[in-house]
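Participant: the sequence and its predicted three-dimensional model are supplied below.
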Amino acid sequence: MRRRPLLFGSAVLMASVACLLTMRSLNSGFATDDHFMRAVFSGFTEIPEYARPTLATFVFSDGSEEANRALMDRGVFPWWTVPHARLAFWRPLASLSHYADFRIWGDNAKPMHAENMLLYALICALAVALYSRFLEPPWVAVFAALVFTIDENSGQAVGWISNRNMLMAAGCVMLVLIAHDAWRRQGWKPGAVLGPMVLAFGFLCAEAVVAAGGYLFAYALFMDRSAYRRRAATLAPYAVVFVVWYAYYRHSGYGSSGSSWYTDPGGDPVGFARALATHIPILLTNLAFMWPAPLLNRFDSTQLPLIVALFCVLLGGVVWILRPMLKHDAASRFWLLGLVLALFPVAAVVPQPRVVLIAGIGFAPLVARYLSAWATPRQWIGFFACLTVCAILAISIGIPALSFWAQAAIIGGALVAIIAALLFSTKGAEWMPSSRAWRAIGGALALLWVAFHLIGAPVALPGSSMMLGIAAKKMERAYASIPQDPDVRERTVIVLQAPSDFMPWHFSLIRASLQIPYPGHLRVLSSGKRDVTVEVLDAHTLVLRAERSLIGNPGTSVFRGPANPMGPGEKVRLAGMTVQVLEVDNAGFPQAAEFRFDDPLDSPSMNILGAGQVPFKLEKVGRYIKTESYVTIPLPSPGTRVSLHSLVEASPEYRSLMPQAGTP
């Protein structure tokens, strides 16, 4: 009888912790794809070429070559876009929720963020109910729910309004597992119907719910005790739901093609297999050690195989340490296989922390089961009490205001406390080997997981939940430097190099959603933060060259993938501009290109810009940060080849921004 109040109280506690750690996201405002939704619901006043049906909030490109070329002509898509590119997702219930948001709340983002936060809180409460079915004693289930709740990877999923579909899918996966387990182990017959029904509901929210199939397969393999033929039969209703959904999805033209950012499993099975081999080790490492997956985008594609190989070795070591627990505990085997299979659907996209939310459902109980073997419940409660006291002191004293040595002493003391807690703990599970070698290595993993998942995660989660909003505000500030007077609608704005491959798209969405005057044509000639050289051939023509590629990171380009290489001599004709590729790299991405404009480069109808890093003062804290500003570029004299970086620094507009900020 005491079990039910404990679990209910724990569910309320997890929901409260989830709200407390993610409430800073309430002020994040709109970011990236959120602006697409705003523009869809307002009718794309500034860019009518991008008009969409009201609920098509996840159809970014329908694959129509005519529509894509119109958007390339306008500058929403850059010149290197694959003409037949498709990026279209069927998420009707998620779209409906956003439609209701804008109908009820108007242009106020805070209630929309509150919905995401409360939905996450509900999922964390639901985690208690799910884990209590698989983990004994009950405190270990609560421990697992806590690990899931405070996971730093969840911050991005909560703090991005457009990512609500992932939260909805995660909740559906949990409900499917609860219903299926109640049917199979307790004989609750309604679960046989409710499980497939919830899965069908989940498919109306997001494709990511297909991850439930991975957990169901692992359940049939390790948790179901019936005959194998009967186990397979229990999965049949879910398979029918999947087949019906997938048939409709493909028949209606949803999916992706032509992109490095997304790989369509059905349209490009070979590319998807490559993505699985590369992305799953990265995502597993992100789960296990909070490795910031987005940082991998900074590596060259030639370095990635070595990094992935190192991750595989690291992950192999973790599995070897967990082997005694996995051998002894069927539930641990279920969670491990389930979370790996749950990564298959999201491995189709470039690795990001937000996509591991559903796999995190299976990872949290592994951490809790493993760490629970190293100490008693009383010792863990004491440890968390100490952490809470330290957190309160840090907030009240203000850790950033302390000296370096004071901060080092606090961190060092915390590490000593962790090591002492492990060395002098009295708990020892029956599966734990007695050898000193295993205990030393196993203790090292326990130490790392305590540091990452019990200390680092809750500290990082609030910042993670608002990180996208901070980046969006910097982006909006940068784009505000691009001309926005009404006359710009009659001019062509040329950006020699944008910092990101996404820049033309995000800029277009912000202008469209806020109904700020949009250029007659936007021409982004290259992307990335590597230096390129600029050469003027004549009054109408210039050439850009890069050491590697004119596209910032071809491995993560949303507009062109390796399955669609370009070749020397290939031409792209847009309104007022013709691009001819001069050189390509080994993967077929342009390294040099000639840009010929119908109007002279010095014509008043042309604004030629470059992005420079300038200081910006944060009034609330009184310090400066680096942010981008687009400044007018003086082109070199014909026949000379000059680096773009030098041209930006020579810009009078750029130089005028530096003293104004009070910097040397």
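Facilitator: In hand now; what should we look at?
Participant: identify the residues contacting residue 485.
Facilitator: With contacts defined as Cβ atoms under 8 Å, 6 or more residues apart in numbering, the neighbours of residue 485 are residue 517. Using the backbone N, CA and C atoms, a C-beta is placed for each residue, glycine as well.
Participant: any idea how far it is from residue 56?
Facilitator: Computed with Cβ to Cβ, to the nearest Å, the distance linking residue 485 and residue 56 is 32 Å.
Participant: just residue 74 next, same as before
Facilitator: Noted for residue 74: a distance of 19 Å to residue 56, by Cβ to Cβ.
Participant: give me the more crowded residue out of those two.
Facilitator: Taking residue 74 and residue 56 together and counting by other Cβ atoms under 10 Å, residue 74 has the greater number of neighbours (22 against 17).
Participant: note down every partner strand of the longest strand along the chain and its orientation.
Facilitator: With secondary structure taken from DSSP state E, the chain has its longest strand at strand 606-618. Partner strands and pairing direction for strand 606-618 (DSSP bridges) are strand 492-495 (parallel), strand 623-632 (antiparallel).
Participant: show the average pLDDT along it.
Facilitator: For strand 606-618, the mean per-residue pLDDT is 84.
Participant: now stretch 179-196
Facilitator: Stretch 179-196 shows an average pLDDT of 96 in the prediction.
Participant: try stretch 92-107
Facilitator: Over the span of stretch 92-107, the pLDDT mean works out to 95.
Participant: buried residues of that stretch, list them for me.
Facilitator: 93, 94, 95, 97, 98, 99, 101, 102 (16 or more other Cβ atoms under 10 Å).
Participant: over to stretch 58-74?
Facilitator: By neighbour count on 16+ other Cβ under 10 Å, the buried set for stretch 58-74 is 58, 59, 60, 61, 63, 68, 69, 70, 71, 72, 73, 74.
Participant: the fourth one sits in which helix or strand?
Facilitator: The reference is to residue 61. Under DSSP states H and E, the secondary-structure element containing residue 61 is strand 59-62.
Participant: now do the contacts for the closest residue in space to residue 626 that isn't next to it in sequence.
Facilitator: Among residues not flanking residue 626 along the chain, residue 613 sits closest, at 4.9 Å (Cβ to Cβ, 6 or more residues apart in numbering). Residues in contact with residue 613, defined by Cβ under 8 Å, 6+ apart, are 626, 627, 628, 629.
Participant: bridge partners for residue 613, pull those for me.
Facilitator: Where residue 613 sits in a bridge, its partners, by DSSP bridges, are residue 628.
Participant: mind checking how far it is from residue 185?
Facilitator: Residue 613 sits 59 Å away from residue 185, going by Cβ to Cβ.
Participant: now residue 636
Facilitator: Noted for residue 636: a distance of 74 Å to residue 185, by Cβ to Cβ.
Participant: residue 441 too?
Facilitator: From residue 441 to residue 185 the distance is 35 Å (Cβ to Cβ).
Participant: cool, and residue 176?
Facilitator: Noted for residue 176: a distance of 15 Å to residue 185, by Cβ to Cβ.
Participant: ok, residue 312 next?
Facilitator: With Cβ to Cβ as the criterion, residue 312 and residue 185 are 35 Å apart.
Participant: and if you look at residue 645?
Facilitator: Taking Cβ to Cβ as the measure, residue 645 falls 64 Å from residue 185.
Participant: picking up where we left off before, nearest to residue 539 among the buried residues of stretch 58-74?
Facilitator: Within these, distances to residue 539 taken as Cβ to Cβ reach their minimum at residue 73, with 23.0 Å.
Participant: look up the closest residue to the closest one, ignoring the ones flanking it.
Facilitator: Across the structure, with Cβ to Cβ, 6+ apart as the measure, the residue nearest residue 73 apart from its sequence neighbours is residue 575 (4.8 Å).
Participant: quick one, domains of this protein?
Facilitator: Here the domain parsing of the chain from automatic domain parsing is 3-25+105-374, 484-660.
Participant: tell me the contacts of residue 333?
Facilitator: So residue 333 contacts 218, 222, 326 (Cβ under 8 Å, 6+ apart).
Participant: need the three-state assignment for it.
Facilitator: Assigned state for residue 333: helix (three-state reduction, DSSP: H, G, I helix; E, B strand; the rest coil).
Participant: before we move on, the earlier item: more neighbours, residue 636 and residue 185?
Facilitator: Comparing residue 636 with residue 185 by neighbour count (other Cβ under 10 Å), the higher total belongs to residue 636, at 18 against 15.
Participant: now that that one has come up, it's in contact with residue 537, right?
Facilitator: No. With contacts counted by Cβ atoms under 8 Å, residue 636 stays clear of residue 537, the gap being 11.0 Å.
Participant: buried deepest among the domains of the chain, which one?
Facilitator: domain 3-25+105-374 (a mean of 20; mean count of other Cβ atoms under 10 Å).
Participant: show me how far that domain is from its chain's centre.
Facilitator: Relative to its chain's centre, domain 3-25+105-374 lies at 14 Å (Cα atoms, centre = their mean, to the nearest Å).
Participant: would you mind measuring the gap between the ends of that domain?
Facilitator: Looking at domain 3-25+105-374, the gap from its leading to its trailing residue is 23 Å under the measure Cα to Cα, to the nearest Å.
Participant: packing partners of the strand or helix carrying residue 16?
Facilitator: Secondary structure from DSSP H and E places residue 16 in helix 3-22. Packed against helix 3-22 by the contact rule (3 or more Cβ pairs under 8 Å, 6 or more residues apart in numbering; DSSP states H and E) you find helix 109-131, helix 138-149, helix 154-158, helix 457-479.
Participant: just checking, what packs against the shortest one?
Facilitator: Read that as helix 154-158. Helices and strands in packing contact with helix 154-158 are listed as helix 3-22, helix 109-131, helix 164-186, helix 357-372, helix 457-479; criterion 3+ Cβ pairs under 8 Å, 6+ apart.
Participant: any chance of these in a markdown table, plus distance to residue 650?
Facilitator: Compiled in a markdown table, the helices and strands packed on helix 154-158 are given as follows (distance: least, Cβ to Cβ, whole Å):
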| stretch | distance to residue 650 |
| --- | --- |
| helix 3-22 | 45 |
| helix 109-131 | 39 |
| helix 164-186 | 45 |
| helix 357-372 | 47 |
| helix 457-479 | 20 |
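Participant: how much space between residue 225 and residue 330?
Facilitator: With distances taken as Cβ to Cβ, residue 225 is found 10 Å from residue 330.
Participant: just the helices in the stretch 301-450 of the chain please.
Facilitator: For the stretch 301-450 of the chain, helices defined by DSSP state H, counting those that start in this stretch occupy the ranges 304-328, 330-346, 357-372, 377-397, 404-423, 436-449.
Participant: and those helices: which comes nearest residue 246?
Facilitator: With Cβ to Cβ as the yardstick, what comes closest out of these is helix 330-346 (11.7 Å).
Participant: run the angle between the closest one and helix 164-186 for me.
Facilitator: Our comparison of helix 330-346 with helix 164-186, counting by axes from the mean of the first three to the mean of the last three Cα atoms, to 10 degrees, yields an angle of 150 degrees.
Participant: can you give me the angle helix 330-346 makes with helix 109-131?
Facilitator: Interaxial angle, helix 330-346 versus helix 109-131 (the same axes, to 10 degrees): 150 degrees.
Participant: got the CA coordinates for helix 330-346 in CSV?
Facilitator: Included here for helix 330-346 are C-alpha records, laid out as CSV according to Å, rounded to 0.1, in the frame of the first residue of the first chain:
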residue,chain,number,x,y,z
ALA,A,330,16.9,-9.0,-18.4
ALA,A,331,15.4,-5.6,-17.9
SER,A,332,18.8,-4.0,-18.5
ARG,A,333,19.2,-5.9,-21.7
PHE,A,334,15.8,-4.8,-22.8
TRP,A,335,16.6,-1.1,-22.1
LEU,A,336,20.0,-1.3,-23.8
LEU,A,337,18.8,-2.9,-27.0
GLY,A,338,15.6,-0.7,-27.0
LEU,A,339,17.5,2.5,-26.8
VAL,A,340,20.0,1.5,-29.6
LEU,A,341,17.1,0.6,-31.9
ALA,A,342,15.3,3.8,-30.9
LEU,A,343,18.2,5.8,-32.4
PHE,A,344,17.7,4.3,-35.9
PRO,A,345,14.9,6.7,-36.9
VAL,A,346,16.7,9.8,-35.6
